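Enquirer: Below is the sequence, then the predicted model.
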Amino acid sequence: MNDENINIDWKSATSIFDFTVKDLDGEDVPLEKYRGMVCLVVNVASNCGLTKSNYRQLNELYDKFKDTGKFAILAFPCNQFLGQEPACETDLKEFKLKQRIEFDFFAKVNVNGKLACPLYNFLKSKQGGILGDFIKWNFTKFLCNKEGIPVSRYGPRTEPLEIGKDIMAILDD
């Protein structure tokens, strides 16, 4: 699990581009590489009741906008919700291949609690939820503009394709 960046002062961050995360190979990925792109950040799980429809629609959404060169989906596996993402990074790579997922996948993280990934602390602080700033379930989605600022938060039951119009609106800015 990616808890190496736990001491980053997320409170002083101004955008998601201030963070570095780990990929599935354990390599550092500065989110700065996404500067100028609209990013959809999602906590994912492979054994959730929402998995099949969300992955299918995330793939469709990615396919719809990837040719613009200005859109990215950043998927962060999380096992904090009823253990619905028990896979290790090796198994996650296999899952990604099997599901034909082309969007970017990162190492497992915690999204809540003392060991929460700093990126998620930042996202939650900028776009709080109805019941507080914690993530309530798998497939919570944060839409960030080209400057890396979180502009919208969507609950787990918001289908990815429903977010398409919001993506279009900020892609055109």
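Expert: Received, thanks. Residues are numbered from 1 along each chain as shown.
Enquirer: Can you pull out the residues in contact with the top helix by length along the chain?
Expert: When the chain is parsed with DSSP state H, its longest helix is helix 51-65. Helix 51-65 is contacted by residues 38, 40, 42, 44-45, 48, 71, 73, 75, 84, 99-103, 138-139, 159-161, 163-164, 167, 171 when judged by Cβ atoms under 8 Å, 6 or more residues apart in numbering. C-betas here are computed from N, CA, C, even on glycine.
Enquirer: Take these and, keeping just the buried ones, write it as a PyMOL select command.
Expert: To isolate in PyMOL the members of the contacts of helix 51-65 that are buried, counting by 16 or more other Cβ atoms under 10 Å, one can use:
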select buried, resi 38+40+42+44+45+48+71+73+75+84+101+103+138+139+159+160+163+167
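Enquirer: Among the contacts of helix 51-65, which lie within strands?
Expert: Val38, Leu40, Val42, Val44, Phe71, Ile73, Ala75 (DSSP state E).
Enquirer: could you dump these to TSV with distance to Gln57 and pLDDT?
Expert: Formatted as TSV, the ones in strands among the contacts of helix 51-65 follow (distance: Cβ to Cβ, whole Å; pLDDT from 0 to 100):
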residue	distance to Gln57	pLDDT
Val38	17	98
Leu40	11	98
Val42	11	97
Val44	12	94
Phe71	14	97
Ile73	11	98
Ala75	13	96
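Enquirer: could those be laid out in a markdown table, adding distance to Lys126?
Expert: Formatted as a markdown table, those follow (distance: Cβ to Cβ, whole Å):
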| residue | distance to Lys126 |
| --- | --- |
| Val38 | 15 |
| Leu40 | 15 |
| Val42 | 16 |
| Val44 | 20 |
| Phe71 | 20 |
| Ile73 | 19 |
| Ala75 | 19 |
